[in-house]
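Next input, structure requested:
(chains A and B)
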Amino acid sequence: SAVISQKPSRDICQRGTSLTIQCQVDSQVTMMFWYRQQPGQSLTLIATANQGSEATYESGFVIDKFPISRPNLTFSTLTVSNMSPEDSSIYLCSVEGTGEMTQYFGPGTRLLVL
Amino acid sequence: GENVEQHPSTLSVQEGDSAVIKCTYSDSASNYFPWYKQELGKRPQLIIDIRSNVGEKKDQRIAVTLNKTAKHFSLHITETQPEDSAVYFCAADTGTASKLTFGTGTRLQVTL
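Now for the predicted structure:
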């Protein structure tokens, strides 16, 4: 399976600011996904990021709040904009294995907004 | 869209006993069903998956069964060990896209 890293691993931010989370994969992948996992909850898909096209957002998530970049087949960023305490969560990227349907997750970014 | 329900939300078993977690899904077009294990503070890790053309799959102490007619699938862990304690999530694909919808999770506690 692919080796996936995320930066930062954790951060504490002030409300009204923005944070950009990076996701790096050690091999080229077509499909990358961004999830949110609120404390003690399940994983909720924010958006699907394909290289060379606009990200596809799920219901309840909008590009102005969660802009995503996918400049190449090994990298993506998710920005959490104009943060509020309700954005405190773990943000995870995942990738789909080449030629398979399996998703593998990055280690996550733990965000606390004060 | 797809809706995945998972039961129970918590499960406590004694070491050596079996544990069963059940999920139902709504989209008949779904054909891929993975299970993830998430230990405290760690990322979700795939432990087993099943595709719709298979009714059962086993990997050592872990097995998954799928009933497409009833739209439910289950995770079975035999001879449980303390290191099996974690939160387990089932998921289903949408049938027409690669994205997954996750169940609400089951916190499994294996006691000595």
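
Wait, a strand at A:Glu86?
No - per DSSP: H, G, I helix; E, B strand; the rest coil, A:Glu86 lies outside any strand segment and is helix.

since we're on it, how many residues are nearby?
Neighbour count for A:Glu86, taken as other C-beta atoms under 10 Å in any protein chain shown: 9. From N, CA and C alone the C-beta is placed, and that goes for glycine too.

which residues touch it?
Counting by C-beta atoms under 8 Å, 6 or more residues apart in numbering or on different chains, A:Glu86 makes contact with A:Val113.

Give me the pLDDT for it.
Note for A:Glu86: predicted pLDDT of 96.

Distance-wise, check it relative to A:Gln38.
Distance, A:Glu86 to A:Gln38, by C-beta to C-beta, to the nearest Å: 9 Å.

Same question for B:Asn53.
B:Asn53 is 35 Å from A:Gln38, where distance means C-beta to C-beta.

So between those two, which is more surrounded?
Applying other C-beta under 10 Å to B:Asn53 and A:Gln38 shows that A:Gln38 carries more neighbours, namely 13 against 8.

Quick check, that one in contact with A:Ser89.
Yes - using C-beta atoms under 8 Å, A:Gln38 is in contact with A:Ser89, at 4.8 Å.

what touches both of those two?
Here A:Gln38 and A:Ser89 have no joint contacts, going by C-beta under 8 Å, 6+ apart.

where does chain A come near chain B, residue by residue?
Counting by C-beta under 8 Å from any C-beta of the partner chain, chain A comes close to chain B at A:31, A:33, A:41-45, A:48, A:59, A:92, A:96, A:101-108.

repeat that with 10 Å
A:1, A:4, A:6, A:30-31, A:33, A:35, A:37, A:40-45, A:47-48, A:50, A:56, A:58-59, A:90, A:92-94, A:96-97, A:100-108, A:110 (C-beta under 10 Å from any C-beta of the partner chain).

Run through chain B and note the low-pLDDT ranges.
B:96-97 (pLDDT under 70).

Any residues of it in contact with chain A? List them.
Residues of chain B lying near chain A by C-beta under 10 Å from any C-beta: B:1, B:4, B:6, B:31-34, B:36, B:38, B:41-46, B:49, B:51, B:87, B:89-91, B:93, B:97-105, B:107.
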